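Asker: Here is a sequence with its predicted model. Questions after.
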Amino acid sequence: MIEVEVKGYADDEVFERVRERYRFVRREYHEDTYYQHPCRDFSKTDEALRIRIRRFNGHFEAFLTYKGPKMDSVSKTREEIEVPIEDPDKHAMILEALGFREVMTVEKVREKFYVEKGITITLDDVEGLGKFIEIEAMTESREKVPELVEKLRKILIELGVSKFERKSYLELLLEKGGS
């Protein structure tokens, strides 16, 4: 599956426009722990491997996620393979036993909104970085990616987003000097 994602910097006004225009789904708390491959530098190959712990409405979910390199020069579109896991601590132990090294944990509060069938917006308040907005759609067709990217960018522009970002929160935090 291909995750077509466009991300931009946001402020309180952008957050309020989303809250007024779209249907609120839920508020989530994310802890995303990223891992470095023992033989391949993900920062050079533009890949990511993480364990996400997601908490919402008294529930707990965890996922192991691989993200491939970005597919274009405008968005954060990439192949994504995600599987649910029951015990994130044990999965982390397996990764570390195989030589993977923990890089950093990114924490954020996320509000999720329904835009239309197949499209969601998230408002993210990322610890150490601030406010962002992400809009995403999933597709199996590489041919549909440019059209979807343009559609998603247009929605963000209409919401008042003027500065876009292709880097992940992990990349931004590492650039900022996190470790």
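Answerer: Ah, there it is.

Asker: Distance of Glu171 relative to Arg55?
Answerer: 24 Å (C-beta to C-beta, to the nearest Å). For glycine as for every other residue, the C-beta is placed from the backbone atoms N, C-alpha and C.

Asker: Centre of the chain to the top helix by length along the chain, how far?
Answerer: If you go by DSSP state H, the chain has its longest helix at helix 145-158. When distances are taken as C-alpha atoms, centre = their mean, to the nearest Å, helix 145-158 is centred 17 Å away from the chain's centroid.

Asker: Which elements pack onto that helix?
Answerer: Contacts defined by 3 or more C-beta pairs under 8 Å, 6 or more residues apart in numbering; DSSP states H and E place helix 145-158 against strand 2-9, strand 119-126, strand 130-139.

Asker: got the angle for that helix vs strand 130-139?
Answerer: Helix 145-158 runs at 150 degrees relative to strand 130-139, counting by axes from the mean of the first three to the mean of the last three C-alpha atoms, to 10 degrees.

Asker: Give me the residues contacting helix 145-158.
Answerer: 2, 4-6, 8, 71-72, 74-75, 77, 115, 119, 121, 133, 135-137, 139, 164 (C-beta atoms under 8 Å, 6 or more residues apart in numbering).

Asker: again, only using 7 Å
Answerer: 2, 4, 6, 8, 71-72, 74-75, 77, 115, 133, 135, 137, 139 (C-beta atoms under 7 Å, 6 or more residues apart in numbering).

Asker: Buried residues in that helix, which are they?
Answerer: By 16 or more other C-beta atoms under 10 Å, the buried positions in helix 145-158 come out as 145, 148-149, 152-153, 155-156.

Asker: Report the buried residues of the strand ranked longest in the chain.
Answerer: Ordering each strand of the chain by length in residues (DSSP state E) puts strand 101-116 first. Residues 103-106, 108, 110-113, 115 are the ones in strand 101-116 that count as buried (16+ other C-beta under 10 Å).

Asker: which of these sit farthest apart?
Answerer: Farthest-apart pair in the buried residues of strand 101-116 is Val103 and Val115; separation 31.7 Å (C-beta to C-beta).

Asker: Distance of the residue located most distally from the centre of the chain relative to Thr33?
Answerer: Distance from the centre of the chain peaks at Ala97, with 26.2 Å (C-alpha atoms, centre = their mean). For Ala97, the distance to Thr33 (C-beta to C-beta) stands at 15 Å.

Asker: Pull up the pairing partners for whichever strand or helix holds Phe63, direction included.
Answerer: Using DSSP states H and E, Phe63 sits in strand 59-67. Next to strand 59-67 in the sheet, as set by DSSP bridges, lie strand 48-56 (antiparallel), strand 78-85 (antiparallel).
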